[in-house]
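J.: coords please:
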Amino acid sequence: MLALVFSVAALFVQPDTTFRPSPAPADTSRSDVEEALVEVVDEVRSLRVQPLFSPSSLYSPSKGFGIAGGVGVEGLLSDDDYAELAARLSERLQGVYAEYLTGDPRRHRLFGLVGGAAGTTSRSRFVGHGPSSPAGAELFLDRYAVEAEARLGWSPGRPGRVLLEPVVRFRVDRLRGYEEVEPGDLAAVAPSDLARLDALRGDARVGAEAGLIAVLDTRDLPTMPSRGVYAQGQVTRFQALDGAGLAFTRVQALGYVFRPAPIRLPFLPERGALFVRLNGVVTREEGGDPLPWVYLPVLDGDLLVGYPRRDFVGRDAFSVTVGARAVIAQLIGAFLIEGVAEGMAGAAYDDVFRQFTPRVRFTQGRVAEGEGVPLRPSAAVGLNLRFIDRERPILSALVGVGPGGVSFASLRLVYGLTDYRPRIR
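T.: Below you'll find the predicted structure:
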């Protein structure tokens, strides 16, 4: 009814025919650009950027002089995603690594991770395919490797407490050749080891693996915990895609237990914590052919500081660590200095169930065929410097003494399953 009234009334209203110029269209182009720039600036300001640097890469006796570093960025596409890009450039090793994590697993029940690495070196250290390879046989391998990985993580309950992660990886490895470290080393290599290297040389080896990772995490803090348990298990199956017919299954497990120290030392600002770490890996191939060197697990300084590069290689590996951590000092109310001391022992095996023995050997000699493989000890101390309100350290360093002499690394308490996997070193 109202519509009809207004329609009728409009017939009696005379239109205003006075000429008036149309107003110029508003110049909104400048404001749109300004708003876009403001949004970009706000996005950039919201990014949390952390430079990454590896002091140990400045010089290596085998790799020469170089530099390694990168950048980690949080908040790139969402509030708590994380992207990292790192590279190493040295005289005889070049590599690049990148990863992207869609969100913090401690805050999201569903997340994804994609990453990849590529590297080339003429100084990959080879001392054999297992604990019984002859001592003194050392070669430098010229090789390159490419690896890509994708994971999808899901928490059935509270985010971060229990995780299930299906994982897929793709690998390309190629051995281009080898050379003696010292004159006469080639003659000391076992004929069986040399035959396996020669079979690997030439064409690239290509393969993919798929599996499942399960995680249990009850730590109170992710980087420097005082209490809780952290455990990971992984089962994967590898299948060659290059026509070689190679296939193997790998089972890996690691576990940590953190407990507050029973007493508080009077010169420390906190009680601190004690921890125990156990790691193990078992690999079994199908058929009678042994695994190529590029697929063998490695137990070295990436996991146990003080261990030499690639000295301990085998289908299986085991290690145990006992340590203590505590805040040593607070600086100007903004920084924490955290200290860690660790005692470690481990070994690599052709068959851990047949060769394991609890004996400890401090020398670096090889074992005879059929003999039990002893554990090799090492010890390390380290420091972290970080902001009180942040988890990631500003600076960290770890000094270890073990079968490989004195070595240096970045300080980490919690390692992952990838620390056993063969990579460009």
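J.: please make it C-alpha for all contacts and neighbour counts, starting now.
T.: Fine.
J.: tell me where this protein has helices.
T.: 2-11, 29-46, 185-188, 191-200, 352-355 (DSSP state H).
J.: what's the average pLDDT for the second one?
T.: Taken as a whole, helix 29-46 has a mean pLDDT of 57.
J.: and stretch 156-166, by the same measure?
T.: The model assigns stretch 156-166 a mean pLDDT of 91.
J.: swap in stretch 272-285?
T.: 93.
J.: quick one: that stretch to chain centroid distance?
T.: Offset of stretch 272-285 from its chain centre (CA atoms, centre = their mean, to the nearest Å): 15 Å.
J.: same question for stretch 317-328.
T.: With CA atoms, centre = their mean, you get 18 Å for stretch 317-328.
J.: what comes into contact with it?
T.: Contact partners of stretch 317-328, identified using CA atoms under 8 Å, 6 or more residues apart in numbering, comprise 224, 268-282, 297-299, 336-349, 352.
J.: I only care about those residues that end up buried; give me the PyMOL line for that.
T.: With 16 or more other CA atoms under 10 Å as the criterion, this PyMOL line picks the buried residues out of the contacts of stretch 317-328:
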select buried, resi 224+270+271+272+273+274+275+276+277+278+279+280+281+282+297+298+299+336+337+338+339+340+341+342+343+344+345+346+347+348+349+352
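J.: tell me what angle the strand ranked longest in the chain forms with helix 191-200.
T.: Ranked by residue count and defined by DSSP state E, the top strand of the chain is strand 162-180. With axes from the mean of the first three to the mean of the last three CA atoms, to 10 degrees defining the directions, strand 162-180 sits at 100 degrees from helix 191-200.
J.: in strand 162-180, what's buried?
T.: Those buried within strand 162-180 under the rule 16+ other CA under 10 Å are 162-176, 178.
J.: before we move on, what about stretch 368-378?
T.: 372-378.
J.: quick one, what contacts Val172?
T.: 145-147, 204-207.
J.: from the buried residues of stretch 368-378, which single one is nearest Phe53?
T.: Among these, Ser378 lies closest to Phe53 (CA to CA), at 25.3 Å.
J.: any idea of the pLDDT on the closest residue to Ser319 other than its chain neighbours?
T.: In space, and not counting its chain neighbours, Ser319 is closest to Gly346: 3.9 Å by CA to CA, 6 or more residues apart in numbering. pLDDT for Gly346: 92.
J.: and the gap between Gly346 and Pro358?
T.: 10 Å (CA to CA, to the nearest Å).
J.: show me the shaky parts of the stretch 201-350 of the chain.
T.: 267, 301-302, 310, 333 (pLDDT under 70).
J.: sort out which residues of stretch 106-117 are buried, please.
T.: Counting neighbours by 16+ other CA under 10 Å, the buried set in stretch 106-117 is 108-117.
J.: report the two of the residues you listed separated the most.
T.: Among those, Arg109 and Ala117 lie farthest apart (CA to CA), at 26.7 Å.
J.: for Val206, what are its contacts?
T.: Contacts of Val206 by CA under 8 Å, 6+ apart are 170-173, 240-242.
J.: typo on my end, it should be Val257
T.: Contacts of Val257 (CA under 8 Å, 6+ apart): 227-230, 275-277.
J.: Leu212 and Val167, how far apart?
T.: For Leu212, the distance to Val167 - CA to CA - is 6 Å.
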